[in-house]
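Student: make a model of this:
(one chain, ligands or ions: 1)
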Amino acid sequence: MTQFSNPATEGGALVLFSGGQDSTTCLAWALKRFATVETIGFSYGQRHAVEMDCRAPIRTALASTALGPDHIVDLTTAISGLGQTAMTADIAIEMGESGLPNTFVPGRNLLFLTCAAAIAYRRGLKRIVTGVCETDYSGYPDCRDDTIKAMQLALNLGMERRFVLETPLMWLDKAATWAMAADLGGTALVDIIRERTHSCYLGDRTHRHPWGYGCGTCPACQLRAQGWSRWTAASGFTEIIR
Ligand code: ZN
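Tutor: Numbering: from 1, shown residues only. Now for the predicted structure:
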């Protein structure tokens, strides 16, 4: 009777949870759908390592009985050994000749998904949830839908499993991601994301904006701020609660 089971509740899920807006929205999304949800986070020498400190308070704030263990994987030596980028070294963020910003860490998301699948394999979790998006993004090729579909195939062949890689944000822009948070958890979840999540590439948590903390000028801050502006203008959110 497997074919009649509800795929939305089948098996547990492992969420790639960085402590940012997108992965927090994905975690809330998964907690609404799956009976067991575990999280995985990666240290990789990121300049905004402060995001790792945001993770535990966010998990606590989400306060769900479905939430299982958190897994931390340290890839600092592995990723720093592959070369410097503006994501992991104190160099200016700029566009490279390839048309990609120099915050792109080649292979990073592929490595993350491989590690996540290894944990999911060991934990018996079927679904792997990641907040990658190709609609409103920085041009990273490892965030594309085709990349994720190819990784799902490779992981299932390589590990002899039937993992499902879930990408609930793939076709949403940043305004729609804010709207999804509001749909999932109302103003409480929107406020958790504003106050507790971290997106800024420079690790700035001293400057507070309507959309949360950050330098306000790096690509991650700009995307987050623009999405917030578009969503609040469309929804009237700020007029309701502020
Ligand atoms: Zn920033």
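Student: for Val132, what are phi and psi?
Tutor: phi -60, psi 160 (degrees, to the nearest 10).
Student: check contacts around it.
Tutor: By CB atoms under 8 Å, 6 or more residues apart in numbering, the residues touching Val132 are 109, 142-144, 148, 167, 169-170. C-beta coordinates here come from the backbone N, C-alpha and C atoms, glycine included.
Student: let's have these in a markdown table, adding pLDDT and distance to the ion.
Tutor: A markdown table is the format used below for the contacts of Val132 (pLDDT from 0 to 100; distance: CB to the ion, whole Å):
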| residue | pLDDT | distance to the ion |
| --- | --- | --- |
| Asn109 | 91 | 20 |
| Asp142 | 86 | 21 |
| Cys143 | 87 | 19 |
| Arg144 | 91 | 24 |
| Ile148 | 96 | 26 |
| Thr167 | 97 | 24 |
| Leu169 | 96 | 20 |
| Met170 | 94 | 24 |
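Student: of the residues you listed, which pair is most distant in space?
Tutor: Across the contacts of Val132, the longest distance by CB to CB is 14.5 Å; it joins Asp142 and Leu169.
Student: so which bits of this protein are right by the ion?
Tutor: Residues of the chain found near the ion (CB under 5 Å from the ion) are 200, 202, 214-215, 218, 221.
Student: including secondary structure and distance to Arg194, could these go into CSV?
Tutor: Shown next, in CSV, are those (DSSP: H, G, I helix; E, B strand; the rest coil; distance: CB to CB, whole Å):
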residue, secondary structure, distance to Arg194
Cys200, coil, 13
Leu202, coil, 18
Gly214, coil, 11
Cys215, coil, 16
Cys218, coil, 18
Cys221, helix, 13
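Student: sorry, back to before: which of Asp142 and Leu169 has more neighbours?
Tutor: When Asp142 and Leu169 are compared for neighbours, Leu169 comes out ahead with 27 against 18, by other CB atoms under 10 Å.
Student: so the more buried one makes contact with Gln21?
Tutor: No: in this structure Leu169 lies outside contact range of Gln21 using CB atoms under 8 Å: 9.7 Å.
Student: quickly list what's touching both of these two.
Tutor: Taking CB under 8 Å, 6+ apart as the contact rule, Leu169 and Gln21 both touch Thr177.
Student: just send the contacts of Val132 back as CSV, with secondary structure too.
Tutor: Formatted as CSV, the contacts of Val132 follow (DSSP: H, G, I helix; E, B strand; the rest coil):
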residue, secondary structure
Asn109, helix
Asp142, helix
Cys143, helix
Arg144, coil
Ile148, helix
Thr167, coil
Leu169, coil
Met170, coil
